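J.: next come a sequence and a model predicted from it.
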Amino acid sequence: MQGLIYLADGAPQGEQSIFGMLLPFVLILLVFWLLFWRPNQKRRQQETQMQSSLVPGVEVMTKAGIFATVVEIHDQDVLLEIAPGTRIRMLKAGVGEVITPAADDTPVEDRPDFGDDDKPKG
């Protein structure tokens, strides 16, 4: 009988037991916030900023992987040209990223489309 009394005396009381039980849950929520929710919020903000800064003539890649050029911009959607004369209307949220062309360091004279190279000689 003496052993049971000692066990009952050693049990945590009141606030200490509640704090001890809630601390692991609070830590798990904090880890989820730092690892998942916060980076997603930042990515969504950057995506929204990019979509609101679209201008006609910019080359974009949709979330489906289609490369296109922005033709018109409306409130919620954009008109994209995916091939000469082929246009599609898409929600702004469907635009994945703006494609910035790499700088071409090749001198103009050395480019294949320079001069009369494509005309037949004769």
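T.: Right, received. Where do you want to start? Numbering: from 1, shown residues only.
J.: check contacts around the closest residue in space to residue 58 that isn't next to it in sequence.
T.: Nearest-residue entry for residue 58: residue 70, 5.0 Å, with adjacent residues in sequence omitted and distances by Cβ to Cβ, 6 or more residues apart in numbering. All C-beta atoms are positioned from the backbone trio N, CA, C, and that covers glycine. Counting by Cβ atoms under 8 Å, 6 or more residues apart in numbering, residue 70 makes contact with 54-60, 78-80.
J.: tell me which element residue 70 falls in.
T.: Counting by DSSP states H and E, the element that carries residue 70 is strand 67-73.
J.: quick one: strands adjacent to the next helix or strand after that strand?
T.: Once the chain leaves strand 67-73, the next helix or strand it forms, by DSSP H and E, is strand 77-83. Strand 77-83 pairs in its sheet with strand 67-73 (antiparallel), strand 86-91 (antiparallel), by DSSP bridges.
J.: what about these, which gets the closest to residue 32?
T.: Closest approach to residue 32 among those (Cβ to Cβ): strand 86-91, 29.4 Å.
J.: need the phi and psi values for residue 27.
T.: Backbone geometry at residue 27, expressed as degrees, to the nearest 10, gives phi -60, psi -40.
J.: for it, grab the count of nearby residues.
T.: Residue 27 is flanked by 10 other residues according to other Cβ atoms under 10 Å.
J.: for it, give its distance to residue 18.
T.: Relative to residue 18, residue 27 is positioned 15 Å away (Cβ to Cβ, to the nearest Å).
J.: cool, residue 61 as well?
T.: Taking Cβ to Cβ, one finds residue 61 at 52 Å from residue 18.
J.: over to residue 55?
T.: Distance, residue 55 to residue 18, by Cβ to Cβ: 56 Å.
J.: cool, and residue 95?
T.: In terms of Cβ to Cβ, residue 95 sits 49 Å off from residue 18.
J.: more crowded one of these two?
T.: Neighbours were counted for residue 95 and for residue 18 using other Cβ under 10 Å; residue 95 has more, 22 against 10.
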